[in-house]
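K.L.:
Have a look; sequence and predicted model below, questions after that.
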Amino acid sequence: MKARVMLHVSENTPQSPSQPVDEADRRRRIRDLNDQLRTGRLDQVAALGRRLITRGVWALGPTECFLIMGKVKAFTAFDDGNDPWGEHDFGAFDHKGRKIFWKIDYYDRECEAGSPDPADPAVTCRVLTVLLADEY
């Protein structure tokens with residue numbers, strides 16, 4: 001028997017699912033929303049959440065930040081080791097001899113607690129954080 005999950009639907013959020021979905025569909029939905037946040041233009045992703053870089057990344061300077069964010073956007077090296085649930089919520093890569101991590105966390109819309117449903121953008125604020133591995 002497949003598990004069924006009901007998702008909150010908002011009339012104001014056309015991206016919200018409109019019917020019950022199984023767990024695989026739910027994870028696909030989370031993955032698609034994560035990819036939109038990670039790869040989209042800033043004006044396209046504002047409704048989904050925020051992108052942050054840590055002080056360590058910022059200290060590398062604006063050119064390096066730009067290059068690193070380009071690598072985050074272009075990241076496709078997902079595998080069972082770094083993406084066991086298929087949600088595209090973590091990545092790691094090397095940049096000029098430094099290990100860079102990025103991760104996506106799910107908060108409620110006020111960013112005060114965890115999201116009640118990361119598959120529903122009406123109740124979720126995604127936060128993409130880019131950091132040096134030694135800041136983790």
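P.N.:
Received the coordinates, thanks.

K.L.:
tell me the average confidence for the longest helix that the chain contains?
P.N.:
Counting residues, the longest helix found in the chain (DSSP state H) is helix 23-39. On average, the pLDDT along helix 23-39 is 97.

K.L.:
This protein: helices as residue ranges?
P.N.:
With DSSP H as the criterion, the chain has helices at 23-39, 42-45, 55-58, 62-74.

K.L.:
What residues of the third one count as buried?
P.N.:
The one in question is helix 55-58. Val57 (16 or more other CB atoms under 10 Å). All C-beta spots, glycine's among them, are computed from the backbone N, C-alpha and C.

K.L.:
list the helices and strands that helix packs on?
P.N.:
helix 62-74, strand 125-132 (3 or more CB pairs under 8 Å, 6 or more residues apart in numbering; DSSP states H and E).

K.L.:
Now do the same for Gln44: its pLDDT.
P.N.:
Predicted confidence (pLDDT) for Gln44: 83.

K.L.:
and the closest residue to Lys73 other than its chain neighbours, how far is that from Asp120?
P.N.:
Closest residue in space to Lys73, ignoring its immediate chain neighbours: Thr39 at 4.9 Å, by CB to CB, 6 or more residues apart in numbering. Counting by CB to CB, to the nearest Å, the separation of Thr39 from Asp120 is 20 Å.
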